[in-house]
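K.L.:
Okay, sequence plus prediction incoming.
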Amino acid sequence: MFLIFGTRGTDTLLTVVRFVCGVCGVLAAQRVVRRTTKLSLFFVPLIPLSRSHRNECVNCGAVTSITAEQADRAVAWSDDQPRS
């Protein structure tokens, strides 16, 4: 009997905020992304193993790790901003 198992990561875009990038220094859109890694059995994702958050600058492509609390604050802040 064969068991096929492994891990699979999925990225979820939480929100997009605009602020000055710490790397390139340009006021640009920053994507806040959550990555979830799950254990899979026979290519079916079953158990979440880890969750991480990151910030991606659209201008220069710099990626910065952020905490879950920082990601939650970015989502809450973007929900409070008026839409144009």
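P.N.:
The structure has been received and is ready for your questions. Residues are numbered from 1 along each chain as shown.

K.L.:
make it CA atoms for all contacts and neighbour counts henceforth
P.N.:
Noted.

K.L.:
Run through who's touching stretch 5-18.
P.N.:
For stretch 5-18, the surrounding residues in contact (Cα atoms under 8 Å, 6 or more residues apart in numbering) are 27-43, 45, 74-75, 78.

K.L.:
Tell me which residues touch the spatially most central residue of the chain, please.
P.N.:
Closest to where the C-alpha atoms of the chain average out (Cα atoms, centre = their mean) is V33, at 1.6 Å. For V33, the contact set (Cα under 8 Å, 6+ apart) comprises 11-15, 53-56.

K.L.:
Which strands and helices lie in contact with the helix or strand of the chain with the lowest mean pLDDT?
P.N.:
Between all helices and strands in the chain, the lowest mean by mean pLDDT, DSSP states H and E belongs to helix 68-80, at a mean of 89. Of the remaining helices and strands, those touching helix 68-80 by 3 or more Cα pairs under 8 Å, 6 or more residues apart in numbering; DSSP states H and E are strand 5-20, strand 44-57.

K.L.:
among the ones you listed, which is nearest I66?
P.N.:
strand 44-57 (5.2 Å; Cα to Cα).

K.L.:
hang on, the earlier thing: any chance of the contacts of V33 in CSV, plus pLDDT?
P.N.:
Formatted as CSV, those follow (pLDDT from 0 to 100):
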residue, pLDDT
D11, 97
T12, 97
L13, 97
L14, 96
T15, 94
H53, 98
R54, 97
N55, 96
E56, 97
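
K.L.:
re earlier: now the buried members of the contacts of stretch 5-18.
P.N.:
28-34, 36-40, 45, 74-75 (16 or more other Cα atoms under 10 Å).
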